[in-house]
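>>> sequence isn't available, so here's the structure alone:
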């Protein structure tokens, strides 16, 4: 029997969860042009993302002092280990495929354009 995809509307677009097991999760993220996700990190979650379509700006770094901005185009793959600070901003409409460990609630929002709940990052 086919699995049901869980679609969650987000202020920046939508998230389509197509796989969730005790070992991994799979999502499709649709980010509308001009919108961006939170500046965030994950304490435990590991993510690998594939930009299937679009162009985005990726802000990434291990600390606030070494955050870098990169323009990412269709076909790019990037890996986000735990505690990596990151943010994605759609320069065009984007479609990202995300494969990760299953800790979906493990999000530390540092900044958010949509006033969603935030907590300070843990000191390491």
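Structure's in. What do you need? Bear in mind the structure is a predicted one, so any value in this text is a computation, not a measurement.

>>> does residue 43 touch residue 83 like I think?
Yes: between residue 43 and residue 83 there is a contact under CB atoms under 8 Å: 6.9 Å. Heads up, the C-betas are built off the backbone N, CA and C, glycines and all.

>>> of those two, who's got more company?
residue 83 (16 against 13; other CB atoms under 10 Å).

>>> which sections of this structure are below the confidence cut-off?
The chain contains residues with pLDDT under 70 at 1-2, 117, 119-124.

>>> which stretches in it count as strands?
With DSSP state E, the ranges of strands along the chain come out as 6-10, 13-20, 25-31, 39-41, 47-53, 55-61, 68-73, 77-80, 85-90, 94-100, 108-111.

>>> what does the third one rub up against?
Contacting residues not belonging to strand 25-31 are listed as 12-20, 37, 54, 56, 88-90, 93-102, 104 [CB atoms under 8 Å, 6 or more residues apart in numbering].

>>> from those residues, list just the buried residues.
With neighbours counted by 16 or more other CB atoms under 10 Å, the contacts of strand 25-31 contain buried members at 12-13, 15-17, 37, 54, 56, 88-90, 93-98, 100-101.

>>> show me the contacts for the closest residue to residue 93 other than its chain neighbours.
The shortest distance from residue 93 to any non-neighbouring residue, by CB to CB, 6 or more residues apart in numbering, is to residue 33 (5.1 Å). Taking CB under 8 Å, 6+ apart, we find residue 33 in contact with 90-94.

>>> most widely separated two among those?
Within the contacts of residue 33, 91 and 93 form the most distant pair, 9.4 Å apart (CB to CB).

>>> what is in contact with these two at once?
Here residue 91 and residue 93 share the contacting residues 33, 54, scored by CB under 8 Å, 6+ apart.
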